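Colleague: Okay, predicted coordinates and the sequence, questions at the end:
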Amino acid sequence: PSPRPPVRSPHVCSIMDALLCDPSLCAVASPRDAVHRDECCRSFATPFSPGGVLVRLTTFAGSSAPLAFRDHAVRGAAPALYLRVVARRFEKPPADVAVPAAAPTVIGVGVPGGFARAEDRYDTVTAYSVVGIADGRIAGELPYPGGELPAHVAESARSVAEHAGAALRSDADVWALEGEPLRDSVYAAGLPVVENGLRVDPDPGTWRCAVSGEATNLWLNLSTGHIGGGRKNWDGS
């Protein structure tokens, strides 16, 4: 038989209901507010990290799930409502990825004639849910949109999920160098290039050492396209 879904106890349900009914536990983010839903304010966790990012619906500060729970369990933080942001990235089929017609002619990213963005190779799906935390544990979690949320909670969640600040920050992903003359590099003028069929991905995050397969401490041979590893660090180690 298929497992039955977990049933919350009446005590837990009443705690979550009380949190949802408390208007002081949420606010509506204005365009002037700083909403930190793309990265934890105290770590490098992002919506792609396990558990995503929890954005407090009063301060709009984002925290990784472990840090948010620790605030309540260890530091005794007051009960709060959060919007959990979880993102997943799926690689597009090769047929859906735009291939540049020619080599880049502009020093820029995401602009005509420039380099393609790594993000253009993926589809990102983001899911939201409203989480209540009290007494160091989750009192409940309801999906947004679609959960049975009071109007003031749904409006607060909407203002965080659709905040204009994220759209403005995304403009930094598209840029072009303007106002400066292009000069030939003295190091590239006589650089020999070996036509050996190797193709280097413009996204360094996909690079791997050709010998060990490691993804850290790498170097690239600009003549052959060979990617190796094991170069010395700044301190000689």
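Modeller: It's in. Numbering: from 1, shown residues only.

Colleague: Which strand or helix spans the residue sitting furthest away from the middle of the chain?
Modeller: Distance from the centre of the chain peaks at G190, with 40.4 Å (Cα atoms, centre = their mean). Applying DSSP states H and E as the criterion places G190 outside every helix and strand.

Colleague: can you give me the strands for this structure?
Modeller: Taking DSSP state E to define them, one finds strands in the chain at 53-56, 62-64, 80-91, 108-109, 122-134, 137-144, 175-176, 218-220, 227-229.

Colleague: closest one to P31 among these?
Modeller: P31 sits nearest to strand 53-56 of all the strands of the chain, at 16.2 Å, using Cβ to Cβ. The way it works is simple: take the backbone N, C-alpha and C, and place the C-beta from them, glycine included.

Colleague: which helices and strands does the closest one pack with?
Modeller: If you count contacts as 3 or more Cβ pairs under 8 Å, 6 or more residues apart in numbering; DSSP states H and E, strand 53-56 packs onto strand 62-64, helix 65-73, strand 80-91.

Colleague: pLDDT of the shortest one, averaged?
Modeller: Yep, that's strand 62-64 we're talking about. Averaged over strand 62-64, pLDDT sits at 93.

Colleague: Give the pairing partners of it; include direction for each.
Modeller: Using DSSP bridges, strand 62-64 pairs in its sheet with strand 53-56 (antiparallel).

Colleague: May I have the distance across stretch 127-141, first residue to last?
Modeller: By Cα to Cα, to the nearest Å, the extent of stretch 127-141 from end to end equals 13 Å.

Colleague: er, stretch 205-215 actually
Modeller: 8 Å.

Colleague: going forward can the numbers begin at 187, since that is how I track them
Modeller: Okay, using 187 as the starting number, the last item reads as stretch 391-401.

Colleague: shaky segments in the chain?
Modeller: 187-199, 282-289, 291-299, 302-305, 350-368, 419-423 (pLDDT under 70).

Colleague: hmm, try it at 80
Modeller: The chain contains residues with pLDDT under 80 at 187-199, 259-263, 278, 280-307, 322, 333, 350-371, 373-375, 417-423.

Colleague: sorry, back to before: pipe the helices and strands packed on strand 239-242 into CSV and attach distance to C226 and mean neighbour count per row.
Modeller: Formatted as CSV, those follow (distance: least, Cβ to Cβ, whole Å; neighbours: other Cβ atoms under 10 Å):
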stretch, distance to C226, mean neighbour count
strand 248-250, 4, 24
helix 251-259, 7, 18
strand 266-277, 11, 18
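
Colleague: Can you tell me how far R417 is from N403?
Modeller: The gap separating R417 from N403 is 6 Å, by Cβ to Cβ, to the nearest Å.

Colleague: Give me the more crowded residue out of the two.
Modeller: Set R417 next to N403 and count neighbours by other Cβ atoms under 10 Å: N403 wins out with 12 against 8.

Colleague: That one against G415, yeah?
Modeller: Yes: here N403 reaches G415: they are 5.6 Å apart, a contact under Cβ atoms under 8 Å.

Colleague: Quick check: neighbours shared by the two?
Modeller: Counting by Cβ atoms under 8 Å, 6 or more residues apart in numbering, no residue touches both N403 and G415.

Colleague: wait, what's in contact with R275?
Modeller: R275 is in contact with 234, 308-311, counting by Cβ under 8 Å, 6+ apart.

Colleague: Nearest to R323 among those?
Modeller: Using Cβ to Cβ, F234 comes nearest to R323 of the contacts of R275, at 24.8 Å.

Colleague: Number of residues surrounding that closest one?
Modeller: Look at F234: counted by other Cβ under 10 Å, it has 14 neighbours.

Colleague: so what's the residue nearest to it when sequence neighbours are not counted bridging to?
Modeller: Among residues not flanking F234 along the chain, A273 sits closest, at 5.3 Å (Cβ to Cβ, 6 or more residues apart in numbering). Taking DSSP bridges as the rule, A273 bridges to T312.
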